[in-house]
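> sequence unavailable; structure follows:
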C-alpha cells in the first residue's frame, strides 16, 4: 500500500476512533506521545537488506 494511502487511512482510523468513543460515552482517547513522533524511514538495498535512511 503506498505511503500516502496508508497515511490517509490512519488519519481516518484515528479520527473515527475518537468519534465512536464519544458516541459510546467513553472517556476521550488521546494518542500516546511516542505515536506522534516521526519514524525513521527504512529502505531495502539490492540484497533485500533493510537499512536506515537518515534525514527523515
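Yes, it's here. Since this is a predicted model, take the numbers as computed values, not measurements.

> what about the strands in this structure?
41-44, 50-53 (DSSP state E).

> ok, of those strands, where does mean pLDDT dip lowest?
Mean pLDDT per stretch puts strand 50-53 lowest among these, at a mean of 60.

> so which residue is dead centre in this structure?
The residue lying closest to the centre of the chain (C-alpha atoms, centre = their mean) is residue 10, at 5.7 Å.

> tell me how far it lies from residue 35.
Distance of residue 10 to residue 35, given as C-beta to C-beta, to the nearest Å: 10 Å. (Each C-beta comes from the backbone N, C-alpha and C, glycine too.)

> then residue 17?
Residue 17 is 12 Å from residue 35, by C-beta to C-beta.

> now residue 43
Taking C-beta to C-beta, one finds residue 43 at 22 Å from residue 35.

> so for stretch 8-16, mean pLDDT?
88.

> how distant is it from the center of its chain?
With C-alpha atoms, centre = their mean, to the nearest Å as the basis, stretch 8-16 stands 9 Å off its chain's centre.

> may I see the buried residues of that stretch?
By 16 or more other C-beta atoms under 10 Å, stretch 8-16 has no buried positions at all.

> same thing with stretch 24-35?
Buried residues in stretch 24-35 (16+ other C-beta under 10 Å): none.

> can you give me the helices in this structure?
3-23 (DSSP state H).

> quick check: the nearest residue to residue 17 once chain neighbours are set aside vs residue 7, distance?
In space, and not counting its chain neighbours, residue 17 is closest to residue 29: 6.0 Å by C-beta to C-beta, 6 or more residues apart in numbering. Using C-beta to C-beta, residue 29 is found at 20 Å from residue 7.
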